[in-house]
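Chemist: Sequence first, then the predicted structure, then my questions.
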Amino acid sequence: MAGPEQQADHSGDLSQYFDQDLDHEEEESVEYFADGLGVIIQNREGEVLFSSLEQGAGLSAPVSGFQDIELEDDAWRVFSIFDEQRQLWIRSAQNIPCGLT
């Protein structure tokens, strides 16, 4: 187990980085990942319990592995895995830039 000096606070969001002096490439990365990544938690039946994406409720039924889906005219690559112990679908979604689908 990590000691207190090794633990980091991961409870914030990416907005904390907008106040720092970042170079252009770092700013683009923060902006992309603030809008381009998402986490969705669904129960066994597929009901959305948590979504960091506004359009998370529009997700298709979970299927283990990767899926390319469209949400509100945006393309997303979604990875889904079912947690047997908790009986939850854990899904991560990445926005696919235009022209890469």
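Modeler: Nice, I can see it. Residues are numbered from 1 along each chain as shown.

Chemist: ok, Gln87 to Ile41 distance?
Modeler: Going from Gln87 to Ile41 by Cβ to Cβ, to the nearest Å gives 11 Å. Quick note: C-beta positions are derived from backbone N, CA and C, even for glycine.

Chemist: more neighbours, those two?
Modeler: Taking other Cβ atoms under 10 Å, Gln87 and Ile41 do not tie; Ile41 has more neighbours (17 against 10).

Chemist: name the element the more buried one belongs to?
Modeler: Assigned by DSSP states H and E, Ile41 belongs to strand 37-43.

Chemist: before we move on, what about Phe66?
Modeler: When elements are assigned from DSSP H and E, Phe66 belongs to strand 65-71.

Chemist: what about that strand, average pLDDT?
Modeler: Averaged over strand 65-71, pLDDT sits at 88.

Chemist: how many neighbours does Ser92 have?
Modeler: Neighbours of Ser92 (other Cβ under 10 Å): 14.

Chemist: Let me know the secondary structure of it.
Modeler: strand (DSSP: H, G, I helix; E, B strand; the rest coil).

Chemist: tell me the contacts of it?
Modeler: Leu37, Gly38, Val39, Ile40, Val78, Phe79 (Cβ atoms under 8 Å, 6 or more residues apart in numbering).

Chemist: all helices for the protein, in order.
Modeler: For the chain, the helices defined by DSSP state H occupy 24-36.

Chemist: If you count neighbours, what's buried in stretch 51-68?
Modeler: Ser51, Leu53, Gly56, Leu59, Pro62, Gln67 (16 or more other Cβ atoms under 10 Å).

Chemist: who's in contact with that stretch?
Modeler: Outside stretch 51-68, the residues touching it (Cβ under 8 Å, 6+ apart) are 37-42, 46, 48, 69, 71-72, 74-82, 89, 91, 93, 96, 101.
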